[in-house]
Structure formats: structure tokens, C-alpha cells
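# predicted coordinates and the sequence they were generated for:
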Amino acid sequence: MNLPDALHTSSLFITKPKRRRTFASIKAKWRFLVPLLTPLVILLGWHTLTARALYPAFIIPPPADVARAFVEAMQDGTLPKAFGVTFSQVMIGLAIGSILGLSLGYILGRLPVLETLFAPLIIAFQSTPVVAYAPLLLIWFGSGHTSKIFTCAVIVFFPLLMNTLVGIRQIPASLKDVFRVLRASWWHTFTRLELPGALPVILTGFKTSATLSVIGAIVGEFVSAGDGLGTLVTKARYDYNTPLVYVAILTMTTLALSLYSLVSLLEWRLLRWQRAARG
Amino acid sequence: MVTGFRWLAGAVLLLSLGLMVGAQEPQPERFLLTFIPNIQFSPMYTAIEQGYFAEAGYDVTLEYLNEPDVIDLVAAGQVNFGVASGEQVILANVRSRPVNFVYNWFQQYPVGIVTSADSGITSMNDFKGKKIGIPGRFGASYTGLVALLNMAELTEADVELVEIGFNAPEALCIGQVDAAAVYSNNEPLQIQLRAADGDCGDIRDVTVIPVSDAGSFVSNGLITNVDYITESPERVQAFVSAFDQGLKDTINNPARAYLLSAPYIETLPLTPDLEARLTELADIQDTFLALEPTRDDVTASREELRSLLHEEFDDATLIQFDILLNTIEMWDADVPGFSDLDAWENMVTTLTAMGLLDTDVNLDRIYTNEFVPEPPASNG
């Protein structure tokens, strides 16, 4: 037995290691519990607010009314249908925007000349709020799913484009030189250097894009109606059914959070090597 | 002692002056309109510019929101007055919003179905199997369309409804739809203008089937909070009377109303020539009105005004003025502001058929004619 082991097993020091282990396990459990506690605290606050009737029920309905509206919307199929429409628009828009953003971001990251050429166009598009030209998309693509998918893809495209470009650019030139000297093929350079090197930044952009994709689909629905969650909000507003408005909004929030969590999980899985390297 | 008395007298005088000034200060009042500034709101602009609200003790500021937001803010007591459509007021009341409809602004339901004049469609029965554009399955346009379908004993399944947002002229011109539910005083004119410019596909002229063919239905009007009526009925009366004056001025002298509305609508067509001519015609109309003409005479004077202006100016310059004249036809009545019970009951029947109402509705709690100013004794 070496000295540190002897110290740990000595009765003189037995309380310190136990206290460290206890504190560490409490900290780990607390980190797990906090995300669960936060919604409970919000729910409690919401209930207290409505129980005291600080606002009319048609402005802030009680949680029980929202729960009832949720059950009714599930039973009559309104919510599953609306969710299905928005979800499909989000996934297709996310896929299209991601492929285009990643591809163009990589090309511009490798070829700075092209970035200079396209930068004004990219900045102009990025600066223009989607809600400003969403009505034009309705005229160009009609009132079906295409305009909503396009809106979603446009919103997803820019964060991924920029993050991919930055990710590729921030790879140290010295590493690129090593690969060049060793006459690595493009594929080798891409799979062994560029992709792993840019992945952390790309995945950060992907997290942003995943949540923005829900906004894109909803903006499209607010402009051109349809059958998704955005339209459900509008219909519920004109029907003065505030609990149903809350149900639709909470469903959108859940969808956005779920997508964010999925990407976070993907990030945790794909970047294990990074955590291992840091020890 | 004399000095002290002088100080006291001075203080009393100052206090009195302060109270007088305070009493004359108009009460700030927000008024909620819908969507964006538009010539169709000219009675409001006219009433403000003519000082009727100031005389009534109000300093009015205008805000533009979506209709459900207007109703919710009035219902919550955060704003005292707004404009909303009758079917929205019915639905809001059923959903526990304490709002009351106190002045019936539009005497005719403004919605109609517009289609190409060459489409062969002359009645609602001809719409079977056709694509009809609507902003969405909500609001006055949708309700009006359903009323027309019911009249023709058709259902939504007999037509293809296409949700096109507020882009009816574009959707019709590019052939996205065969017809569209629109405000018949507004979009048909715009489509006709595009067609005249050759900018509307194959469409040369339009036909409109108005919802009023299916009967009378309550449309847009002034709303306030039920509690405000209980607490300050005299304030409600003052506000409604001021608006009523603005509406009557607009009906009687549209040229003046158009000029008074210009500061509120950035894109309102008003060339210097048009402005000069409208000013001249507005003064002439004032002279004419001083002779106390009948309502029919005033109607005829508006048509004469329209013909005269079209001889001097092109259609594009006059498009918004024409919209104003068309809209005035929907406001004009023997007693402006009066709500007809039949119109409310027809609306309740339609909303029930649409599945939006499943309880009995007490219309007495929803609208009132209590504040509608009585017509003058010698009414033409």
C-alpha cells in the first residue's frame, strides 16, 4: 500500500473522503433534479397566480383548464394532426436547410475568394426578417406545405452556413500543413482533420438551427394558414379559446426543446473523443 | 390681517384656476382599430380632426391590432374602446369576455365572393367544385362564406377552400383560386384596376356575390367593456356621439373626410392636383349640406362627385377614394349606428351551424342601442 492509500484508510482521515463523496453525489443528483424541478416551480407559480385571480382567466387560464384543453384536443385529434403537420414541415425544412448550409459553409470555408463574392448576398438575406418576405413565399409557392418548408429551411440555413464556415477556418494552419506535406487526399483531410476539427462549432450551430426550425415553420403558418400548430394558435385566438392557445404554444416549446435535446445528445456522443482528450 | 386675507384670496384664485385647467384637460383615450391604417377608418380620423372627441373630453390615440387582441384588451379593461365584428363579439361573450357592442358601424356585411366576370359564375350554386380562397378558417370572411354556402344549400365539402392569407388579388390574378372571399368594397376594385392594366392574368372584369344576398348579418362596430358602461355610461355616450358625428360627416362629405384622413394613412394617393380639387369640392359640398338636403340627395351628390373626379383623374389615383365611396354605402342608414335584432340572430344561427356555438346566446347582454344618437327631428 502506498502513502496516499494509507492516508485514505486511516481512521484519522475517514471523514474527509466520505464528505467529498457525499457532496459529489449530492451535486450529481442536484444537477439531474434541477431540470425537473424548474417546470414544477413554474407550474406552482402559474397555479398561484391564477388561484389569486390576479389576471382574468381569459388572459392567464388556470393550469387545470389548459390540461383539460389538452385532453380534448388529443381526443378529437386536433392536436395530433396539427403537431404532425408542423413536425413534418420542421424535419423537411431542417434537412434541406442543413444540407445546404453545411455544403455551402464548407465550400466558402475552403475558398475565401467565394466568401468575399457571396458575403453581401448572405448578409443581406440574413439581415432581412423572414416575416417580411414570408407573404411573398406564399405567392410564389402557394398556400401548401412548400412555403412553410421553404421558410423553415431559410431560417435553418444561415446559422449552419456561418458555423460551418467558422469551424473550417479555425482549424490551425499548422495541422493543415502536416496533412499537405504528407500528401493526404481530400477525403483523408476531410474525414481526419476538417470534420472532426469543425464538428464542435458545427454542432453548436446545429443546436441553434434545430430550435429556429420550429420558428420557421410557425412563421410560415401564421402567414399562410394551413393545418399546423401555428394555424391552431390563430384559430384558437379567433375562437377565444385561450387554454387551447396555451396547449399549442406548449407543444411548440416541447418540440423545440426535444430537437435541442436530441442534438445535444448527438453532440455528447460525437464529441466523446474531445472529452477523453481533455481527461 | 389685510395682507393675510390677500394671500388667502390669491391662493384660492390659483387653486380655482388649477381646477379649471384640470377639468378642461381631455382624458387620454386609446382606441383600438384592426390591422393597419386604412381609408375604411376615415370616420374615426374625421372625428378626431374635426375636434369631436376633444369636445367630448377625449384625447384619442389610435392603435392597430389583430381583432382578438382588440377584444381581449377591451375585455380586460386595459382599453375602453375598440372596433370589432359582431361574430367575434358573440364568440368572445360566450367565452366569458365582458364586452358590449354599442354602435353598429357597418350596416351591411362587407364580405362578398369575387370572381372573374368571364368565369360563368353568377350565383353560389355555380361554385360547386370550384376553388375559393379565404384568409383562413376564422373571422368575418370565413363566416360570410359559410352563410352564402348555407343559402345555396352547399357545404364546405362541395367546394375546395384554399387558405391564401390576405393575398386575394394576387391569388386570383395568378389563377391559384377561382374565387376569393373579400371585402366587397375594397379588393374587387383593386383587382379591376390590375385587370385594366393587363396585370391580372386572363381576368378583365370581376363579379361579386355579396353575403348580404343571404340576409342581414351584424358586422363591424364599436365595443366597450361591460363594467365601463356600468361605471361611466355618460363617458360611453360622449365617445359614441363623437364617433357618430365623424361617421355622419364622412357620409355627407367624403371629399373632406378623405383630406382629413390623409395624415393617418401614409400611402393614401393624394397628388397636389387631387388635393386642391377635393378641397374645392369639399367646400361646395358644405354649402350644399347647409341647405339640409335629404338622404337621397346626399347619395346622389356622392355619385356625382365620383363621376366628376373620374373625368379629371385616372383610376389609380382615385382607387382609395372609390373604396371610401363604396364603404360609405355600407355605413349609410336612416339611423347610423343602430343594431338590428335580425342581423344578430342570423349571425348566431350561422355560428351555430359552423359548430362554433353550442349554447344559447343572450343577445341582450351582447349589444345595445342605448347609446346610438337619435336622429334629428327633421331627418331627410
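Nice, thanks for sending it over. As the structure is a computational prediction, the values presented were derived from the model and not from experiment.

# show me where the stretch 1-150 of chain A has its helices.
Listed in chain order, the helices of the stretch 1-150 of chain A (DSSP state H, counting those that start in this stretch) span A:3-9, A:15-51, A:63-75, A:78-110, A:112-127, A:130-141, A:145-169.

# for the first one, the averaged confidence score.
If I follow you right, that is helix A:3-9. Helix A:3-9 shows a mean pLDDT of 47 in the predicted model.

# near chain B, which residues of chain A?
Contact residues (C-beta under 8 Å from any C-beta of the partner chain) of chain A with chain B: A:55-59, A:135, A:138-139, A:142-143, A:223-226, A:231, A:234-235, A:237-242. Bear in mind the C-beta positions are built from the backbone N, C-alpha and C, glycine included.

# repeat the analysis, applying 7 Å as the threshold.
Counting by C-beta under 7 Å from any C-beta of the partner chain, chain A comes close to chain B at A:56-59, A:135, A:138-139, A:142-143, A:223-226, A:231, A:234-235, A:237-241.

# quick one on the thing from earlier: of the helices of the stretch 1-150 of chain A, which shows the lowest average pLDDT?
Looking at these, the weakest mean confidence is helix A:3-9, a mean of 47.

# what helix or strand is the residue nearest to A:Leu270 when sequence neighbours are not counted on?
Nearest residue to A:Leu270 in three dimensions, chain neighbours excluded: A:Leu199, at 6.2 Å (C-beta to C-beta, 6 or more residues apart in numbering or on different chains). Following DSSP states H and E, one finds A:Leu199 within helix A:195-224.

# quick check: angle from that helix to helix A:145-169?
Per axes from the mean of the first three to the mean of the last three C-alpha atoms, to 10 degrees, the angle that helix A:195-224 makes with helix A:145-169 is 150 degrees.

# any buried residues in helix A:195-224, and which?
Buried residues in helix A:195-224, counted by 16 or more other C-beta atoms under 10 Å in any protein chain shown: A:197-199, A:201-224.

# quick revisit: do you know how far the residue nearest to A:Leu270 is from chain B?
40 Å (C-beta to the nearest C-beta, to the nearest Å).

# now do the contacts for A:Lys148.
Each residue near A:Lys148 by C-beta atoms under 7 Å, 6 or more residues apart in numbering or on different chains is listed here: A:89, A:217, A:220-221, A:226.

# what ranges in chain B fall below the confidence cut-off?
Chain B contains residues with pLDDT under 70 at B:1-5, B:7-24, B:375-380.

# kindly recompute the last result at 50.
Low-confidence segments of chain B (pLDDT under 50): B:21-22, B:378-380.

# quick check: domain ranges of it?
B:27-108+B:219-331, B:111-214 (automatic domain parsing).

# counting by contacts, list what the helix holding A:Leu199 packs against.
For helix A:195-224, the elements it packs on are helix A:78-110, helix A:130-141, helix A:145-169, helix A:229-238, helix A:242-270, judged by 3 or more C-beta pairs under 7 Å, 6 or more residues apart in numbering or on different chains; DSSP states H and E.

# which one of those lies closest to B:Leu309?
Taking C-beta to C-beta, helix A:130-141 is the member of these nearest to B:Leu309, at 31.7 Å.

# got a list of contacts for that closest one?
Contacts to helix A:130-141, defined as C-beta under 7 Å, 6+ apart, come from residues A:147, A:150-151, A:154-155, A:216, A:219-220, A:223-224, B:165, B:167, B:170.

# out of the contacts of A:Lys148, who's nearest chain B?
A:Gly226 (6.4 Å; C-beta to the nearest C-beta).

# so the closest one sits in a strand?
No - the assignment for A:Gly226, made by DSSP: H, G, I helix; E, B strand; the rest coil, is coil rather than a strand.

# count of neighbours near it?
Residues contacting A:Gly226 under the criterion other C-beta atoms under 10 Å in any protein chain shown number 25.

# quick check, pLDDT for it.
Looking at A:Gly226, its pLDDT stands at 77.

# can you check the one 4 residues further on too?
Residue-level confidence at A:Gly230 comes out at 92, pLDDT.

# quick one on the thing from earlier: hmm, which two among the contacts of helix A:130-141 are most spread apart?
Taking C-beta to C-beta, the two most distant members of the contacts of helix A:130-141 are A:Ile155 and B:Glu170; they sit 23.5 Å apart.

# just give the number of residues close to A:Gln75.
Residues lying near A:Gln75 (other C-beta under 10 Å) number 10.

# and it, how close does it get to A:Arg68?
From A:Gln75 over to A:Arg68 the distance is 11 Å, taken as C-beta to C-beta, to the nearest Å.

# buried sites along the helix or strand hosting B:Trp344?
Assigned by DSSP H and E, B:Trp344 belongs to helix B:341-353. Within helix B:341-353, the residues scored as buried using 16+ other C-beta under 10 Å are B:343-348, B:350-351.

# which of the residues you listed sits closest to B:Ser216?
B:Ala343 (4.3 Å).

# quick one, what contacts that closest one?
Applying C-beta under 7 Å, 6+ apart, the residues near B:Ala343 are B:216-218.

# circling back to that earlier point, A:Ile155 and B:Glu170: who's more crowded?
Neighbours per residue (other C-beta under 10 Å) separate A:Ile155 from B:Glu170, with A:Ile155 holding more: 24 against 20.
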